[in-house]
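sequence and predicted structure, then a few things I'm wondering about:
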Amino acid sequence: MFSLNAFSRSGLLSSSPYSCCEESKSLFAVSRGGGTSSLCPSQRNAASSAVVLCSAGSNGRGVVAGERTVTNSKPAMGSTATESAPALETYPESNVCGAAEDVYGDDSAIAEQLVTPWAVSVASGYSLLRDPRHNKGLAFNEKERDAHYLRGLLPPACEKKIMHNLRQYQVPLQRYMAMMDLQERNERLFYKLLMDNVEELLPIVYTPTVGEACQKYGSIFKRPQGLYISLKEKGKILEVLRNWPERNIQVIVVTDGERILGLGDLGCQGMGIPVGKLALYTALGGVRPSACLPVTIDVGTNNEELLNDEFYIGLRQRRATGQEYAELMDEFMSAVKQTYGEKVLIQFEDFANHNAFELLSKYRSTHLVFNDDIQGTASVVLAGLVAALKLVGGTLAEHTFLFLGAGEAGTGIAELIALEMSKQTKAPLEESRKKIWLVDSKVCVNHKFGALNTHTMYSFSATLCIHSHMAYLMQGLIVGSRKESLQHFKKPWAHEHEPVKGLLDAVKAIKPTVLIGSSGVGKTFTKEVVEAMASFNEKPVILALSNPTSQSECTAEEAYVWSKGRAIYASGSPFGPVEYNGKTFVSGQANNAYIFPGLGLGLVISGAIRVHEDMLLAASEALAEQVTQENFEKGLIYPPFSNIRKISAHIAANVAAKAYELGLATRLPRPANLVKYAESCMYSPNYRSYR
Ligand SMILES: O=C([O-])CC(=O)C(=O)O
Ligand SMILES: [Mg+2]
């Protein structure tokens with residue numbers, strides 16, 4: 001890289017915005033405040049130069065917006081406002097120019113204030129190979145090797161069978177680490193590989209392997225992959241966001257690590273989840289990688305094992321709660337909006353129940369937010385159920401639903417089913433809810449055993465199961481007599497019924513046609529439970545949603561064998577095909593990964609400013625429509641992931657259409673063909689040609 005930055009060349013830049021373009025064939029520098037006004041016309045048109053952005057204090061990775069923004073004659077980082085903003089030198093002391101778009105504060109800074117000296121420069125040679133956004137590895141052709149000073153830095157071969165190399169690792173976690181290394185080394189190749197081998201690689205970069213990666217994050221951690229915002233950053237979150245090298249952020253996935261999949265509190269090590277989810281935003285939904293920001297909020301952890309682990313990478317203290325927690329989250333939410341504007345999507349992920357519901361209700365009317373575990377999961381499950389009706393018959397309202405788990409996923413799914421039922425039947429929501437029953441549970445990771453409230457245990461004649469790491473308190477069917485003591489999000493489901501303890505008794509009492517597991521605890525759909533379901537249903541619908549595989553309520557094999565091949569089964573984590581009685585059963589994956597990439601894309605391309613429940617229904621409807629007759633014939637209620645880009649484009653189009661209909665879209669005029677438009681907006685990982 002020709003190491004140029006605005007800091008070292010500030011005099012040159014401020015006095016003559018074009019003067020640097022003569023110095024070298026590709027040498028130039030742009031201060032953020034100057035935007036494209038610092039670029040000479042030929043540089044603005046320079047297609048596909050390896051432009052990188054760095055600051056004097058940056059990590060040298062030199063990531064960022066690069067070729068796209070230069071090609072489009074937009075300032076690096078995608079800010080449109082700086083294009084028309086006055087040059088810095090016009091108002092050297094001003095605190096008004098740039099106004100709302102002056103997100104890094106360099107336009108408005110007064111002389112005494114400190115700003116980050118962001119700069120854009122062109123990478124070549126050794127630095128180009130170390131820049132994941134522009135590196136092509138062995139795929140650099142002969143001409144490019146000459147033009148970009150790469151001769152001798154690469155071996156002569158021009159191709160490498162990377163999948164072959166990856167498959168040589170037997171252990172999934174090793175494959176995960178190899179994929180993460182690839183993402184750090186050659187971003188386009190990482191996405192190309194993931195997109196071309198989605199069914200094989202999804203279980204590696206995402207559920208279930210990502211769960212193990214989070215558990216071992218401290219020891220496999222190599223480079224930070226997102227923003228860590230801890231209690232130490234309180235009062236400085238705006239500054240922290242400014243340290244991130246990207247400016248045009250469209251999607252943020254944020255966790256506080258308290259409920260990572262069904263694995264419990266993994267504290268700061270939960271970072272693997274936002275990183276994995278955002279990789280899917282790009283690979284499955286086509287959101288540009290540079291527009292994605294993974295965030296982990298670190299308020300401590302209550303996981304004793306981690307607190308005592310010498311390799312733990314987070315704050316070594318118990319979780320902050322109450323006002324301290326709320327204030328940090330509030331500062332984060334304001335700083336995000338202030339930095340990236342109204343249209344940045346914030347996806348809440350893997351928060352514990354109590355915070356998940358509260359954060360969603362607090363910010364849904366002021367920010368573009370949704371909770372993936374509550375709403376994304378609901379949308380994917382509803383799609384699966386709508387598709388399943390084609391196999392089992394009847395309308396939603398003619399079925400009876402029983403959930404094990406009344407947390408985020410359980411109550412979120414239940415509510416969306418009730419909403420859709422009410423839309424179809426025109427019955428009041430309260431009536432529709434009566435078709436849906438929940439058995440609740442309390443999961444306690446072993447270090448919390450002491451915290452179990454024995455009063456709660458005995459007052460519901462609870463069943464206590466102890467798995468290797470968990471104590472699992474099954475509290476029983478949610479019924480009217482329990483209403484007073486229920487958490488607010490469970491109250492709507494307290495129907496009139498005598499108390500019932502345990503899942504099996506609840507199944508026998510309610511006789512559901514659909515059984516849904518969302519408790520985060522594995523092995524709870526026992527042989528007796530599945531057999532009971534099969535005893536009064538010709539085709540029992542059984543969804544074992546908890547993740548990762550170890551937390552699945554029952555395996556695909558168990559569901560098919562115990563129901564004698566009659567179950568319509570799907571699970572949150574993937575299972576391979578099952579042979580039973582000479583027939584092969586292929587189960588679907590009821591995972592929110594089907595929904596959030598397309599939902600996010602739809603919100604981004606329509607410039608939506610709020611997420612509305614109807615958009616989740618629209619996403620769900622679009623997904624259900626993608627299940628083909630051929631899929632049904634195999635007993636599948638979800639389409640295969642191999643078609644996910646097409647599926648995401650349809651989901652995005654349906655969501656965007658709803659955003660326009662509800663007046664929540666700001667990208668005007670509305671494109672006539674939203675599916676085509678969505679497709680045209682999707683990131684493609686193909687290599688660009690460098691001149
Ligand atoms: O990450 C996944 O695979 C699905 C999900 O949101 C969860 O289990 O929390
Ligand atoms: Mg989740």
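It's in. Ligands and ions are numbered 1, 2, ... in the order given.

for the stretch 451-600 of the chain, what lies in contact range of ligand 1?
Residues of the stretch 451-600 of the chain found near ligand 1 (CB under 6 Å from any ligand atom) are 547, 572, 591, 592. Bear in mind the C-beta positions are built from the backbone N, C-alpha and C, glycine included.

what about the nearest residue to the third one once chain neighbours are set aside, how many residues nearby?
For residue 591, the nearest residue in space outside its immediate sequence neighbours is residue 572; the separation is 5.3 Å by CB to CB, 6 or more residues apart in numbering. With neighbours defined by other CB atoms under 10 Å, the count for residue 572 comes to 30.

need the phi and psi values for residue 572.
phi -70, psi -40 (degrees, to the nearest 10).

helices along the stretch 51-200 of the chain, start to end?
67-71, 81-84, 125-129, 142-147, 162-167, 172-185, 187-196, 198-205 (DSSP state H, counting those that start in this stretch).

ok now the fifth one, how far from the chain's centre?
From the chain centre to the centre of helix 162-167 is a distance of 26 Å (CA atoms, centre = their mean, to the nearest Å).

cool, the last one as well?
The offset between the C-alpha centroid of helix 198-205 and the centroid of the whole chain comes to 15 Å, using CA atoms, centre = their mean.

so what touches that helix?
Contacts with helix 198-205, where a contact means CB atoms under 8 Å, 6 or more residues apart in numbering, come from 172, 175-176, 179-180, 193-194, 209, 276, 279-280, 283-284, 573-574, 593, 640-642, 644.

run through who's touching whatever helix or strand comes next after that helix.
Later in the chain than helix 198-205, the nearest helix or strand by DSSP states H and E is helix 209-215. For helix 209-215, contacts defined as CB under 8 Å, 6+ apart pick out 172-173, 175-177, 203, 220, 260-261, 263, 266, 269-273, 276, 547-548.

tell me the residue of the stretch 401-550 of the chain that sits nearest ligand 1?
In the stretch 401-550 of the chain, the residue that lies nearest ligand 1 is residue 547 (3.7 Å; CB to the nearest ligand atom).

point out the residues in this structure that sit beside ligand 2.
Within the chain, the residues that sit near ligand 2 (CB under 5 Å from the ion) are 350, 373.

can you tell me the helix or strand for the residue positioned nearest the centre of the chain?
Taking CA atoms, centre = their mean, the centroid of the chain lies closest to residue 277, which sits 3.2 Å from it. Using DSSP H and E, residue 277 maps to helix 272-283.

need the buried ones from the contacts of helix 209-215 selected in ChimeraX.
Per 16 or more other CB atoms under 10 Å, the buried members of the contacts of helix 209-215 correspond to this ChimeraX selection:
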select :173,175,176,177,203,220,260,261,263,266,269,270,271,272,273,276,547,548
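
how about residues contacting stretch 678-691?
Residues from elsewhere that reach stretch 678-691 (CB under 8 Å, 6+ apart): 46-50, 67, 134, 136, 139, 144, 147-148, 187-192, 195, 282, 285-289, 601-602, 604-605, 645, 648-650, 652-653, 656.

hang on, the earlier thing: show the contacting residues for the residue nearest to the centre of the chain.
Contacts for residue 277 (CB under 8 Å, 6+ apart) come out as 206, 253, 294, 347, 349, 372, 596.

can you flag which of those belong to helices?
Among the contacts of residue 277, the members found in helices (DSSP state H) are residue 596.

show me the contacts of residue 277 that map onto strands.
Counted as lying in strands by DSSP state E, out of the contacts of residue 277, are 253, 294, 347.

secondary structure class for the closest residue to residue 599 other than its chain neighbours?
If the residues on either side of it in the chain are set aside, residue 599 comes closest to residue 619, at 4.8 Å by CB to CB, 6+ apart. Three-state call for residue 619 (DSSP: H, G, I helix; E, B strand; the rest coil): helix.

just give me the neighbour total for residue 619.
For residue 619, using other CB under 10 Å, the count is 31.

wait, isn't it in contact with residue 602?
Yes. At 7.3 Å, residue 619 counts as touching residue 602 under the criterion of CB atoms under 8 Å.

what's the overlap in contacts for the two?
Residues within reach of residue 619 and of residue 602 at once, by CB under 8 Å, 6+ apart, are 651, 654, 655.

next, the angle from the helix or strand encompassing the last one to helix 198-205.
Right, residue 655. Element membership of residue 655, judged by DSSP H and E, is helix 644-661. In terms of direction (axes from the mean of the first three to the mean of the last three CA atoms, to 10 degrees), helix 644-661 departs from helix 198-205 by 80 degrees.

what angle sits between helix 644-661 and helix 187-196?
Using the same axes, to 10 degrees: helix 644-661 against helix 187-196 is 100 degrees.

show me what counts as buried in helix 644-661.
By neighbour count on 16+ other CB under 10 Å, the buried set for helix 644-661 is 644-645, 647-660.

equivalent analysis for stretch 366-382, please.
Within stretch 366-382, the residues scored as buried using 16+ other CB under 10 Å are 367-382.

what does the pLDDT read for the residue of the stretch 101-250 of the chain found nearest ligand 2?
Residue nearest to ligand 2 within the stretch 101-250 of the chain (CB to the ion): residue 207, separated by 8.6 Å. Residue 207 carries a pLDDT value of 98.
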